[in-house]
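*Asks:* here's a sequence, model it:
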Amino acid sequence: MSTERSKTEDKEKQVVVSVRFPSHLLDRIQALAAVLSTTANAVIREGMEAHVTAVAASPDFKKASEQYIAEAQARVAAVLQDPAKSDLRV
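*Replies:* Numbering: from 1, shown residues only. Below is the predicted model of the structure:
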C-alpha cells in the first residue's frame, strides 16, 4: 500500500453552486482577487468562511440555535406521544 495520495484524495471534495451577486459586488470581488493575485472563487470562499465563523460565534446565533433545537425536540416528542396530531415530516 502506497503512502502517497493522489491530488484528488488530498483535496477536500468541492461542490459547484450557483450564486448571484449584484454587479457592483462582483466587480469588487474581482478587483480584490486581481490585487491579491488569486481567484474570485478563493476570495468568495475565504469571505464566506470568515462570515460563517463569525456568525456561528455570535450570541444571537447561539440563542437561535438553542431555540431551533428546543423546537425540534418538541416536535419529535409530539410525534412520539401522538403521531396523528403531529406535523413532523420524516
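*Asks:* just the pLDDT for the residue nearest to the spatial centre of the chain.
*Replies:* With distances taken as CA atoms, centre = their mean, residue 52 lies nearest the centre of the chain, 6.8 Å away. Looking at residue 52, its pLDDT stands at 97.
*Asks:* quick one: contacts for it?
*Replies:* If you count contacts by CB atoms under 8 Å, 6 or more residues apart in numbering, residue 52 has none. All C-beta spots, glycine's among them, are computed from the backbone N, C-alpha and C.
*Asks:* may I have the phi/psi pair for it?
*Replies:* phi -60, psi -40 (degrees, to the nearest 10).
*Asks:* measure it to residue 78 for me?
*Replies:* 31 Å (CB to CB, to the nearest Å).
*Asks:* ok, now residue 54?
*Replies:* 35 Å.
*Asks:* more neighbours: which of these two?
*Replies:* residue 78 (14 against 10; other CB atoms under 10 Å).
*Asks:* now that one: which helix or strand?
*Replies:* helix 59-81 (DSSP states H and E).
*Asks:* who are the packing partners of that helix?
*Replies:* The helices and strands touching helix 59-81, judged by 3 or more CB pairs under 8 Å, 6 or more residues apart in numbering; DSSP states H and E, number zero.
*Asks:* C-alpha coordinates for that helix, PDB please?
*Replies:* Extracted C-alpha coordinates of helix 59-81, given in PDB (Å, rounded to 0.1, in the frame of the first residue of the first chain):
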ATOM      1  CA  PRO A  59     -24.600  35.200  21.000                       C
ATOM      2  CA  ASP A  60     -27.600  35.700  18.600                       C
ATOM      3  CA  PHE A  61     -26.700  32.500  16.700                       C
ATOM      4  CA  LYS A  62     -26.300  30.600  20.000                       C
ATOM      5  CA  LYS A  63     -29.700  31.800  21.100                       C
ATOM      6  CA  ALA A  64     -31.300  31.000  17.700                       C
ATOM      7  CA  SER A  65     -29.700  27.500  17.600                       C
ATOM      8  CA  GLU A  66     -30.800  26.700  21.100                       C
ATOM      9  CA  GLN A  67     -34.400  27.700  20.100                       C
ATOM     10  CA  TYR A  68     -34.200  25.700  16.900                       C
ATOM     11  CA  ILE A  69     -33.100  22.600  18.900                       C
ATOM     12  CA  ALA A  70     -35.800  23.000  21.500                       C
ATOM     13  CA  GLU A  71     -38.500  23.300  18.800                       C
ATOM     14  CA  ALA A  72     -37.200  20.200  17.000                       C
ATOM     15  CA  GLN A  73     -37.100  18.300  20.200                       C
ATOM     16  CA  ALA A  74     -40.700  19.400  21.000                       C
ATOM     17  CA  ARG A  75     -41.800  18.200  17.500                       C
ATOM     18  CA  VAL A  76     -40.200  14.800  18.000                       C
ATOM     19  CA  ALA A  77     -41.800  14.500  21.500                       C
ATOM     20  CA  ALA A  78     -45.200  15.300  20.000                       C
ATOM     21  CA  VAL A  79     -44.800  12.700  17.300                       C
ATOM     22  CA  LEU A  80     -43.800  10.100  19.900                       C
ATOM     23  CA  GLN A  81     -46.900  10.900  22.000                       C
END
